[in-house]
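**Student:** got a sequence here, can you model it:
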Amino acid sequence: MRAREPFTLYKRKLATKVVFYYVAYDDQGKRRKFSTGCTTKSQALAYTMELYKTNSLIPVKKEPVVLLTFGVYAKGWWTPDCDYVKAEALRGRKLTAQYINTNKRSMEKHILPTFRSSLLTEITSAKIKAWQRYLIERKKLSTKYANNILSIFSVILDEARREGHIKANPAREVRAFANNSKQRGILSFEEARDLLTNLSYWDNPIAYTASLLAACTGMRVGEIRALRPCDLRDGYIHVEHSVDLQGALKGTKTGDNRDLPLPQSLMDALRTLADHAGKEGRIFSVAGVPMSTDAIRDSFYRAMAVKGITEEERRERNITFHSWRHFLNSQLLANGINESKTRKIIGHSTAGMTKRYAHFLVNDFADVLEITESILHTQIESQ
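**Tutor:** Predicted coordinates for the structure are as follows:
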């Protein structure tokens, strides 16, 4: 049987000239015709032979390039069904509902108004820098918040790059602003001990106990509000929850659980509150209703005012309820507690941090207890 020629030439007479075409067969055996654009047979043969040598007789049909706007690409982002959110969960980083919702609000409020109609391929670092200045100069956002929004934008553009919509992420070429947030202030050791050992300063005994707990453990207010009777153990408390904006339980900020030693007097106070809360309630609650962040925080501020730290001075020193974390952190480091153990107590865990104290042993934290006992020294002696 005679082998089929790879191609054959033929000529077609057009209105003003003769043009040579070639015929070839595709992978399915279908006969295909293409113009060489040549007007002589020798030119057409040379042209077609070159196509044959490079296996290009049958042109490859290119898929049309889809040009996406940022608004179209961002549709569905920062929801539980978002591909990025699902992928992060599979990688072991489960994003909280509050984190997802916060990012969605920031995207809708600050990114989409500027870039909704922009093609992904037309978003440049220069445009992002101009937008970044707009957030600071016109919208009057703090540099910290503006940097957070830039980070959210960069995450989305990184995914667009990985999916082949853009060649590079232009947001990575934009520098974050210097953080101009005011440094968090803390109480001195003498101020803290005076405040925590004089009940006359306080108008809310439950909120007072919350401040005691924050000063001795560095717990965040959300973690304190999430504390349940079952979290009280023999000589320590187990911290594995915080609360979302609606007060429902969620994981801690870092996603890690930690066990924290407590002075006995503070443990006794917590057990008394737990008895009133019931097995299924929250320790920091009133008549079965969990205390709000405002109630805990404002009682602390009023106690400082009674002590003599005016609201003006408190604001000037930037002392907030969160300052208890910084207070304990400074006390532990000042008293020789190593950084690894301090991070475990405070809950500043990072992916690369040592897991040396991941499993709690009371004796491991005898030195920490000695420091927290000293904070409450006057109170302990009076009981």
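**Student:** what's residue 119 in contact with, if anything?
**Tutor:** Residues near residue 119 by C-beta atoms under 8 Å, 6 or more residues apart in numbering: 67, 68, 69, 70. In this view, the C-beta of every residue, glycine as well, is placed from N, C-alpha and C.
**Student:** do the same with residue 227
**Tutor:** Residue 227 neighbours (C-beta under 8 Å, 6+ apart): 213, 237, 239, 241, 270, 282, 283, 284.
**Student:** surely the second one touches residue 260?
**Tutor:** Yes. Residue 237 is within contact range of residue 260, at 5.5 Å (criterion: C-beta atoms under 8 Å).
**Student:** joint contacts of those two?
**Tutor:** residue 217.
**Student:** can you get me a residue count around residue 190?
**Tutor:** A total of 8 residues lie near residue 190 under the criterion other C-beta atoms under 10 Å.
**Student:** what's the answer for residue 55, then?
**Tutor:** 7.
**Student:** assign a three-state SS to it, would you?
**Tutor:** coil (DSSP: H, G, I helix; E, B strand; the rest coil).
**Student:** picking that back up, and the contacts of residue 227, which two are furthest apart?
**Tutor:** 241 and 270 (15.4 Å; C-beta to C-beta).
**Student:** and stretch 267-283, what's buried?
**Tutor:** 267, 269, 270, 273, 274, 277, 281, 282, 283 (16 or more other C-beta atoms under 10 Å).
**Student:** quick one: mean pLDDT over it.
**Tutor:** Averaged across stretch 267-283, pLDDT comes to 89.
**Student:** what about stretch 121-128, how long is it end to end?
**Tutor:** 13 Å (C-alpha to C-alpha, to the nearest Å).
**Student:** hang on, the earlier thing: which of the contacts of residue 227 fall in helices?
**Tutor:** If you go by DSSP state H, these have 213, 270 in helices.
**Student:** quick one: low-confidence ranges for the protein?
**Tutor:** Along the chain, the model assigns pLDDT under 70 to residues 1-3, 62-66, 180-182, 347-366, 377-383.
**Student:** with just CA atoms, put the longest helix along it into CSV.
**Tutor:** If each helix of the chain is counted by residues according to DSSP H, the longest one is helix 143-162. Output of helix 143-162 as CSV, limited to C-alpha atoms (Å, rounded to 0.1, in the frame of the first residue of the first chain):
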residue,chain,number,x,y,z
THR,A,143,-0.5,53.0,58.7
LYS,A,144,-1.1,49.7,60.5
TYR,A,145,-4.6,49.3,58.9
ALA,A,146,-3.3,50.4,55.5
ASN,A,147,-0.6,47.8,55.7
ASN,A,148,-3.2,45.1,56.6
ILE,A,149,-5.3,46.0,53.6
LEU,A,150,-2.2,45.9,51.3
SER,A,151,-1.5,42.4,52.7
ILE,A,152,-5.0,41.3,51.9
PHE,A,153,-4.6,42.7,48.4
SER,A,154,-1.3,40.9,48.0
VAL,A,155,-2.8,37.5,49.0
ILE,A,156,-5.4,37.8,46.3
LEU,A,157,-2.9,38.8,43.6
ASP,A,158,-0.5,36.0,44.7
GLU,A,159,-3.3,33.5,43.9
ALA,A,160,-4.0,35.2,40.5
ARG,A,161,-0.3,34.8,39.7
ARG,A,162,-0.3,31.1,40.8
